[in-house]
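> Pasting the sequence and the predicted model now:
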Amino acid sequence: MQSIGPVYSKGMFGGHGIFLDGLMFGLVADNELYLKTNAKTQDKFKEKGLLPFTYTKKEKTFSMNYYQAPEEALEDNEEMNRWANLAYGVAIIAAAKKNKPVPDT
């Protein structure tokens, strides 16, 4: 993944968040890499039969908008770069939505 930029990790969700420029776009948990998705990109992951990251809290299971990375991405740097850039793009969009100014009412 280094080819998309200087990435770093932080411990979270019982695993590690993968960040670039302060934006989390990946997650490693239980020896599995998950990449950030949104409504527009999830189908690319679902079409490959990939599963979302889930966690259980107080006997309830929750899923997040992070899906398993495709096997070919784990085996090929160019594929990883493509999928990681897709996930990073989602992180940029999510951050922009969070930082939108609230209109006066």
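Cool, got the structure.

> so the residue positioned nearest the centre of the chain bridges to which residues?
Nearest residue to the geometric centre of the chain (CA atoms, centre = their mean): residue 36, 2.1 Å. Beta-bridge pairing of residue 36 under DSSP bridges involves residue 66.

> OK, contacts around it?
For residue 36, the contacting residues are 24-27, 65-66, 87-88, 90-91, 94, by CB atoms under 8 Å, 6 or more residues apart in numbering. Every C-beta, even on glycine, is put in place using the N, C-alpha and C of the backbone.

> what about 6 Å?
For residue 36, the contacting residues are 25, 66, 87, 90-91, by CB atoms under 6 Å, 6 or more residues apart in numbering.

> Any chance of those in JSON lines with secondary structure, pLDDT and neighbour count as columns?
Output for the contacts of residue 36, formatted as JSON lines (DSSP: H, G, I helix; E, B strand; the rest coil; pLDDT from 0 to 100; neighbours: other CB atoms under 10 Å):
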{"residue": "25", "secondary structure": "strand", "pLDDT": "97", "neighbour count": "27"}
{"residue": "66", "secondary structure": "strand", "pLDDT": "97", "neighbour count": "26"}
{"residue": "87", "secondary structure": "helix", "pLDDT": "97", "neighbour count": "29"}
{"residue": "90", "secondary structure": "helix", "pLDDT": "96", "neighbour count": "22"}
{"residue": "91", "secondary structure": "helix", "pLDDT": "95", "neighbour count": "21"}
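
> With respect to residue 76, which of the residues you listed is nearest?
residue 87 (16.0 Å; CB to CB).

> Looks like that closest one contacts residue 37 (just checking).
No - with contacts counted by CB atoms under 6 Å, residue 87 stays clear of residue 37, the gap being 7.1 Å.

> burial of residue 43, as a residue count?
By the criterion of other CB atoms under 10 Å, residue 43 has 10 neighbours.
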